[in-house]
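Colleague: sequence and predicted model, in that order:
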Amino acid sequence: MKYVLGIITILFVTACGTNLDNGNKSQDDENNDVQNVMEGYVANIGDNSVLVVENRLDPSISEFHPEQHEEAGNAISFSLDNIEDSMADSLMRGEKVQVTHGAVAESYPGQSSAIAIKRIVDEEHDMVIAPDETINLVALEQFIQKTENNEEATMRGVNITVEGSSVFDTYIFQNGEYTVKEDATQDNFVEVETISEVSCQQLEYYLTDDQNIMFELTGCDNDTGVLAIANLPFKDMIVPEDIYHRVKVIVGDEVVLDTTEESEKEEIITKIREGTPQSVMAMTMMAPEGEIILYGKQAIIHFDYQEVGNVIRYNTLVEAGLTFD
């Protein structure tokens, strides 16, 4: 697929593979043939091609157009003739990748042939789980909210092993079913040559005995029928890290609090995070008296509210000691 912008051809890369300021680098292979390396984001996926752009585009943009050159930056359409089917079939719009490729035709987007593709961690958009920290858990929140509304959703999770390798899981919800594509080819301690795929039926979550919230897929076509997404500390996931600009508390039909004041917001969020959690899966609960809504930059969080000061979310009752005058 080749695009030309009007009469003027915008040239970002040269066919000789010169080192560029926009992120493309040149390197010599064993035969001294010049290869280029581009880091960027998947913008379009064709039958046997992928378009990679320098800057991540708004996810709501369903298809790239050459007129977006200022927003996208450098852009190259890569042929996938030399790429393993498992990698080519697992690529997802919006994910960050590194492409090793040959010479680039002078057009916009450029045209080239991919020699190798690997995923790279995107801390701004991936859910990253490492042995000593978790990053961007709000991505899981966004994914779950869409699936519960039966909307199509995608999410990329990255598990960093204790040895420092990256394992990438792409989660796709479509037509009421979940598909997970696991790329462990960059785990240096496991011999994996291809990317595996598992289909599942349901997403479930519950409080564990060690005060974590377990998220897992069930009804899967793997050996166990279950696929774990994440096992996260209660305080990290009950209110995922985000910029919360407003808090509203509704009891019955009455709004008893609607605030943007920083200290009031922080007090409520802190009490919920530091509250005592209990599983409600085996408990008989009274109907909630109202709800608490946290308006974040990336997600809106809803809690069922009990007048005794407790909240319920993710099948977990939190004794938070909240009071509202």
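Modeller: On my side now, so go ahead.
Colleague: name the SS class of Ser263, please.
Modeller: Following DSSP: H, G, I helix; E, B strand; the rest coil, Ser263 is assigned to helix.
Colleague: make that Leu203, sorry
Modeller: With three-state DSSP as the basis, Leu203 sits in strand.
Colleague: pretty sure it sits against Ile144.
Modeller: Yes - counting by CB atoms under 8 Å, Ile144 is a contact partner of Leu203 at 6.7 Å. Heads up, the C-betas are built off the backbone N, CA and C, glycines and all.
Colleague: which neighbours do these two share?
Modeller: Residues touching both Leu203 and Ile144 (CB atoms under 8 Å, 6 or more residues apart in numbering): Phe215.
Colleague: same question for the longest strand anywhere in the chain, mean pLDDT?
Modeller: Longest among the strand segments of the chain by residue count, using DSSP state E, is strand 34-45. The average pLDDT for strand 34-45 rounds to 92.
Colleague: let me know the next secondary structure element after that strand.
Modeller: Sequence-wise, the next helix or strand downstream of strand 34-45 (DSSP states H and E) is strand 49-53.
Colleague: which residues touch that next one?
Modeller: Applying CB under 8 Å, 6+ apart, the contact partners of strand 49-53 are 1, 38, 40-45, 64, 72-80, 88, 91, 97, 99, 109, 114, 117.
Colleague: go again with 7 Å.
Modeller: Applying CB atoms under 7 Å, 6 or more residues apart in numbering, the external contacts of strand 49-53 come out as 1, 38, 40-44, 64, 72-73, 75-80, 91, 97, 99, 109.
Colleague: with stretch 84-96 instead?
Modeller: Stretch 84-96 is touched from outside by 41-43, 45, 50, 56, 59, 80, 117, 119-120, 122, 154, 156, 170, 181, 183, 194-195, with contacts defined as CB under 7 Å, 6+ apart.
Colleague: run the last query once more with 6 Å
Modeller: Stretch 84-96 is contacted from outside by 41-42, 45, 50, 59, 80, 117, 120, 122, 154, 156, 170, 181, 194-195, using CB atoms under 6 Å, 6 or more residues apart in numbering.
Colleague: could you work out the most separated pair of the residues you listed?
Modeller: Largest separation among the contacts of stretch 84-96 by CB to CB: Pro59 and Thr194, giving 27.6 Å.
Colleague: ok, those two, which is more surrounded?
Modeller: Using other CB atoms under 10 Å, the more surrounded residue of Pro59 and Thr194 is Thr194, with 13 against 10.
Colleague: could you measure from the more buried one over to Ile120?
Modeller: Distance, Thr194 to Ile120, by CB to CB, to the nearest Å: 19 Å.
Colleague: and Met281, by the same measure?
Modeller: As judged by CB to CB, Met281 and Ile120 stand 38 Å apart.
Colleague: same thing with Pro288?
Modeller: Per CB to CB, Pro288 is found 43 Å from Ile120.
Colleague: re earlier: comparing Met281 and Ile120, which residue is more hemmed in?
Modeller: Set Met281 next to Ile120 and count neighbours by other CB under 10 Å: Ile120 wins out with 15 against 11.
Colleague: contact partners for that one?
Modeller: Contact partners of Ile120, counting by CB under 6 Å, 6+ apart, are Lys96, Gln98.
Colleague: ok, which stretches of the stretch 51-200 of the chain are strands?
Modeller: Ranges of strands within the stretch 51-200 of the chain are 75-79, 96-101, 110-119, 127-130, 133-135, 153-160, 166-174, 177-183, 196-200, based on DSSP state E, counting those that start in this stretch.
Colleague: buried ones in stretch 111-122, by neighbour count?
Modeller: Neighbour counts over stretch 111-122 (16 or more other CB atoms under 10 Å) mark Gln111, Ser112, Ser113, Ala114, Ile115, Ile117, Arg119, Val121, Asp122 as buried.
Colleague: ugh, wrong one, I meant stretch 260-279
Modeller: For stretch 260-279, the neighbour count (16+ other CB under 10 Å) marks Lys265, Ile268, Ile269, Lys271, Ile272, Arg273, Gly275, Pro277, Gln278 as buried.
Colleague: which outside residues touch that stretch?
Modeller: With CB under 6 Å, 6+ apart as the criterion, stretch 260-279 contacts 207, 234-235, 239, 244, 246-247, 316-320, 322.
Colleague: list buried residues within those.
Modeller: Buried by 16+ other CB under 10 Å: Leu207, Phe234, Lys235, Val239, Tyr244, Val247, Thr316, Leu317, Val318, Ala320, Leu322, out of those.
Colleague: farthest-separated two in the residues you listed?
Modeller: Distance extremes for the buried ones among the contacts of stretch 260-279: the farthest pair is Leu207 and Val247 at 23.6 Å, using CB to CB.
Colleague: quick check: the nearest residue to Leu137 once chain neighbours are set aside vs Arg156, distance?
Modeller: Spatially, and ignoring its direct neighbours in sequence, Leu137 is nearest to Pro240 (4.3 Å; CB to CB, 6 or more residues apart in numbering). As judged by CB to CB, Pro240 and Arg156 stand 16 Å apart.
Colleague: how long is stretch 290-309 end to end?
Modeller: Using CA to CA, to the nearest Å, one end of stretch 290-309 lies 11 Å from the other.
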